[in-house]
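Enquirer: Using only what follows, build the 3D model:
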Amino acid sequence: MNRLDVFLESTRVGELALPSNNGIFFEYSPEFLATGMELSPLRLPLAPGAHSRHHPASVTLHGLFEDSLPDSWGTRIMNDWFRAKGLGEPAITPLMRLAYIGERGFGALTYAPAETVESSEGGLGELYTAASALDAGGPVDLGQLAAVGSSAGGARPKVAVWISGGTGLMTARAASPDAQAWLVKFDTTSGRWFGPMEYAYALMGRAAGCDVPEVKLLTTEHAEGLRRHFAVRRFDRVGTRRLHYHSLAGMYQSTAGDLDYQTFLRVTRRITADYRETLKAFRRAVFNVLASNRDDHGKNQGFLYEKRQWRLSPAFDVTFASAERMPERGMAVLGERRTAGLRQLQALAQAESLEKKDVQAVIDEVRAAVVEWPRFAAEAGLPDDIAASIQKSLRSVT
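Expert: Reported below is the predicted structural model:
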């Protein structure tokens, strides 16, 4: 496969081409040029002609399309699916991966012709069993995971499913009018507390004034006891309607760890032209620093495009990471990755011309939420020793 069409709903956005191993080309279609919509304004602006993407070490997609691909967990399932078809990893091109994603990716873009990826219907327990077996190094159950487990980003075991309200049935596509799109992260850890921890962080983030999607804990019962898995309602779906999503890393066409919070604020200001959205981005920075969410790289920040207007996406992948486990945070605060604190955050706000009263209000509101950590941990049912260990780290920052 060396050519692939890209669609936004029923409109053909353009064509991707891989004429050789020296680069990937994309050209907007005449009908999409006529819409005037900017899907990737920084690195793939709306303009006629072929847009090339070259990388000295590999064949690399434009950031707009890279955002459709999963990270390590989904890629592992995808590679096993291709292997079952007789293709080893070196033979799998980026266009083949996008064809595998087809209509199942995050955001609004779809790709054709798409591969047919079958998946059986099942409940949460069956999906957890398949995911935990793979996470433990076992073979992949393609019947359970191929369609629902390979489009999601991140490293943790997870599935992107539609959950029918009446039956709780989990499917790769909406099976009923009341079905909702959810991302379920399976807690396969020995301590069985990772799901409750992320749930507690979602509660704390919402209390801090961050935009957080609907979340809940889903329970499965096993021989070793109950497991609670973190589930978050997808913000790129409104019913069955798709919203265009672009990560900060994809928009800037950079690797996830190469960005910083000043870039985040400046990109937000540039594409939204809205001071309120820039202040939201600053609030995200304050929360990530004060709540010790160090896995805050550029793929974990992003934007939604709706009615020709960009806005900051809701917060996601927000959870605790200790300085011992992750000495450097994903995005620096004015060059500081290891020990960023209030001093760097206030200097960042000043450098980006944020109003002092707004900055202080954000800091006060976030701090007020973070000091309430024990309450959120208790509501999530987090073990006392884990909650206390996190509390100790939070005190050192706030």
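Enquirer: does Arg242 really touch Gly107, like I thought?
Expert: Yes. Arg242 is in contact with Gly107 according to C-beta atoms under 8 Å; the separation is 7.0 Å. To be clear about C-beta, it is placed using only N, CA and C from the backbone, and glycine gets the same treatment.
Enquirer: Now list whatever residues contact both of those two.
Expert: Asp236 (C-beta atoms under 8 Å, 6 or more residues apart in numbering).
Enquirer: show me where the stretch 151-300 of the chain has helices.
Expert: Under the criterion DSSP state H, counting those that start in this stretch, helices of the stretch 151-300 of the chain are mapped to 194-207, 248-252, 261-272, 275-290.
Enquirer: Using CSV, write out every CA atom in the shortest one.
Expert: Backbone C-alpha positions of helix 248-252 (Å, rounded to 0.1, in the frame of the first residue of the first chain) are rendered in CSV as follows:
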residue,chain,number,x,y,z
LEU,A,248,0.3,19.5,21.1
ALA,A,249,3.2,17.2,20.0
GLY,A,250,1.3,16.4,16.8
MET,A,251,0.5,20.0,16.0
TYR,A,252,4.1,21.1,16.7
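Enquirer: For burial, what's the neighbour tally of Leu42?
Expert: 17 (other C-beta atoms under 10 Å).
Enquirer: wait, I meant Ala130
Expert: Residues near Ala130, counting by other C-beta under 10 Å, number 26.
Enquirer: Tell me if it really is in a helix.
Expert: Yes. Inclusion of Ala130 in a helix is indicated when DSSP: H, G, I helix; E, B strand; the rest coil is applied.
Enquirer: Could you list the low-pLDDT ranges of the stretch 151-300 of the chain?
Expert: Scanning the stretch 151-300 of the chain for pLDDT under 70 picks out the ranges 256.
Enquirer: can I get the helices of the stretch 151-300 of the chain in JSON lines with distance to Glu118 and mean neighbour count?
Expert: Converted to JSON lines, those look like this (distance: least, C-beta to C-beta, whole Å; neighbours: other C-beta atoms under 10 Å):
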{"stretch": "helix 194-207", "distance to Glu118": "28", "mean neighbour count": "24"}
{"stretch": "helix 248-252", "distance to Glu118": "29", "mean neighbour count": "24"}
{"stretch": "helix 261-272", "distance to Glu118": "38", "mean neighbour count": "20"}
{"stretch": "helix 275-290", "distance to Glu118": "39", "mean neighbour count": "22"}
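Enquirer: Doesn't Pro303 belong to a strand?
Expert: Actually, residue 303 is Phe rather than Pro. Yes. Phe303: assigned to a strand according to three-state DSSP.
Enquirer: Now render the helices of the stretch 151-300 of the chain as CSV, adding distance to Glu336.
Expert: Below are the helices of the stretch 151-300 of the chain laid out as CSV (distance: least, C-beta to C-beta, whole Å):
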stretch, distance to Glu336
helix 194-207, 22
helix 248-252, 19
helix 261-272, 10
helix 275-290, 10
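Enquirer: Can you name every helix or strand that the helix or strand where Lys392 lies contacts?
Expert: Following DSSP states H and E, one finds Lys392 within helix 384-397. Packing partners of helix 384-397 (3 or more C-beta pairs under 8 Å, 6 or more residues apart in numbering; DSSP states H and E): helix 194-207, helix 275-290, helix 373-380.
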